[in-house]
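S.K.: take this sequence and fold it.
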Amino acid sequence: MLNYIWLALILVGILTAIGWDLYDIKSDKYRNGAEIKSDVIYDNSNFLVEKNKRYNFSIKVSKSEFERIYGVKISKDLIQKATLIFIDNKSAYIEIYLDSTSPHIWFEQSRAQKVDGSTLQGKLYFQEAMGTFSDVKLVLNSVKFVKLNSVTNEGIVKYARIAVEISIGLIGIMSLWLGLMKIAESSGLIKIIAKSLKPITVKLFPDVPDDHPAIGAMVMNISANILGLANAATPLGLKAMEELNKLNKKLGTATDAMCTFLVINTSNVQLIPATVIAIRAASGSVNPTEILGPVIVATSVSTIIGIIAVKLLSKLKVFRKQLEGN
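M.R.: As a prediction, this is how the structure comes out:
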């Protein structure tokens, strides 16, 4: 069901983007093909023009001209660094470097041109054969379906790629920790942890008999979560809920033990947050384990508060009535 919801959201996003793009095309928001009167700023215009050679300039567009073309208010004249590659004596390719002073609409055009989002491409046309750098015509490369490009390339495709990269990066570290978990289980370390936690679980789950299989499953689940192995803990959590349900006198209504176990499972103390460490390592973190201290404190506090909350709520009459069926 969740997959259908995500598919519906993606389709809504794409259709909305197409609708806005059609409106932008109709209103000519990006002024495709418009000639923008500009000036080229260069320290020394006495140089020999060579084709296919890059020259560093600055391009200036007056405040009034920009507002006339785009109908967008700006605070002052635009002066942007740029690179020119001359086609001939009367025209050149231009690459404008965008910065914090650049108008938002130019950033949109840049992304729609499928460049890196920090440069804007177009052509310059000189009034005379390199007679002057003033009163030149700037024509930016045409763009269409800007928002659709943003949704697909910068949204769906980009984050799908990131998800795959992180997943692949997780393989090694998860294999390591799952292997250690298996060694700990085979060596009896998990049973030692379970035995040490048993006095606590007996007090937390007074309605569950000491020798009931649910206690073992819950302790194993909590132990796995403490080591940060959520994937390994999931089957144990399902097994624990299955065993707890056997003690349930009113099927379909969660018991106190079920609610308490769910809270602990959700906010479990973690000594080794293996999954988070793996994600940080896969994302290129310099020190992926530096979160150990904050994670231990945060999960300990959340677990304590969760247990207190579930114990207090279990005493309210409204929940007792649902559980006892009175």
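
S.K.: so who does I87 touch?
M.R.: The contact partners of I87, taken as Cβ atoms under 8 Å, 6 or more residues apart in numbering, are K51, Y93, K123. Every residue, glycine included, has its C-beta placed from N, CA and C.

S.K.: out of those, who's nearest L262?
M.R.: Using Cβ to Cβ, Y93 comes nearest to L262 of the contacts of I87, at 62.4 Å.

S.K.: I figured the closest one hits Q121, correct?
M.R.: Yes: with contact defined as Cβ atoms under 8 Å, Y93 reaches Q121; the gap is 7.4 Å.

S.K.: circling back to that earlier point, relative to L197, which of the contacts of I87 is nearest.
M.R.: Ranking the contacts of I87 by separation from L197, with Cβ to Cβ as the measure, puts Y93 on top at 69.4 Å.

S.K.: which positions within the helix or strand containing the closest one qualify as buried?
M.R.: Secondary structure assignment for Y93, by DSSP states H and E: strand 91-97. For strand 91-97, the buried set under the neighbour-count rule, 16 or more other Cβ atoms under 10 Å, comprises S91, A92, Y93, I94, I96.

S.K.: quick one: it to chain centroid distance?
M.R.: 34 Å (Cα atoms, centre = their mean, to the nearest Å).

S.K.: which neighbouring elements make contact with that strand?
M.R.: Under the contact definition 3 or more Cβ pairs under 8 Å, 6 or more residues apart in numbering; DSSP states H and E, strand 91-97 sits against strand 78-88, strand 119-125.

S.K.: one more time with 10 Å, if that's ok
M.R.: Helices and strands touching strand 91-97, as assessed by 3 or more Cβ pairs under 10 Å, 6 or more residues apart in numbering; DSSP states H and E, comprise strand 36-41, strand 54-61, strand 78-88, strand 119-125, strand 136-140.

S.K.: for those, which one sits closest to N221?
M.R.: The stretch from the helices and strands packed on strand 91-97 with the least distance to N221 (Cβ to Cβ) is strand 119-125; that distance is 52.8 Å.

S.K.: can I get that closest one in PDB, CA atoms only?
M.R.: The C-alpha coordinates for strand 119-125 follow below in PDB (Å, rounded to 0.1, in the frame of the first residue of the first chain):
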ATOM      1  CA  THR A 119      26.700  29.100 -14.300                       C
ATOM      2  CA  LEU A 120      24.500  30.400 -17.000                       C
ATOM      3  CA  GLN A 121      25.200  29.900 -20.700                       C
ATOM      4  CA  GLY A 122      24.300  32.000 -23.800                       C
ATOM      5  CA  LYS A 123      25.800  34.100 -26.600                       C
ATOM      6  CA  LEU A 124      27.000  37.700 -27.000                       C
ATOM      7  CA  TYR A 125      26.500  39.700 -30.100                       C
END
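
S.K.: quick one: that strand to strand 54-61, angle?
M.R.: What separates the directions of strand 119-125 and strand 54-61 is an angle of 90 degrees, with axes from the mean of the first three to the mean of the last three Cα atoms, to 10 degrees.

S.K.: Q121 - nearest residue in space that isn't next to it in sequence?
M.R.: If you skip the residues right next to it in sequence, Q121 has N141 as its closest partner in space, 5.0 Å away by Cβ to Cβ, 6 or more residues apart in numbering.

S.K.: so what's the one you found up against?
M.R.: Residues touching N141, when contacts are defined by Cβ atoms under 10 Å, 6 or more residues apart in numbering, comprise 32-33, 93-94, 109-110, 112-113, 115, 120-123.

S.K.: 6 Å instead?
M.R.: With contact set as Cβ atoms under 6 Å, 6 or more residues apart in numbering, N141 has these partners: Q113, Q121, G122.

S.K.: just the closest of those to A257, please.
M.R.: Closest to A257 out of those is Q113 (60.3 Å), distances taken as Cβ to Cβ.

S.K.: so how far is K123 from the closest one?
M.R.: Q113 sits 13 Å away from K123 when distances are taken as Cβ to Cβ, to the nearest Å.

S.K.: please say which of those two ends up with more neighbours.
M.R.: In terms of neighbours (other Cβ atoms under 10 Å), Q113 is the more surrounded of Q113 and K123; the figures are 19 against 15.

S.K.: that one: what's it in contact with?
M.R.: Listed by Cβ under 6 Å, 6+ apart, the contact partners of Q113 are Q121, N141, V143.

S.K.: residues contacting the first one?
M.R.: Pointing back at Q121 there. By Cβ under 6 Å, 6+ apart, the contact set of Q121 is E95, Q113, N141.

S.K.: would you map the helices across this protein?
M.R.: 2-27, 63-70, 104-112, 146-149, 158-187, 189-204, 213-226, 230-245, 256-266, 274-282, 292-313, 317-324 (DSSP state H).

S.K.: re the thing from before, so which of the helices and strands packed on strand 91-97 gets nearest V202?
M.R.: When the helices and strands packed on strand 91-97 are compared by Cβ to Cβ, strand 119-125 sits nearest V202, at 66.1 Å.

S.K.: I appreciate the help and will end here.
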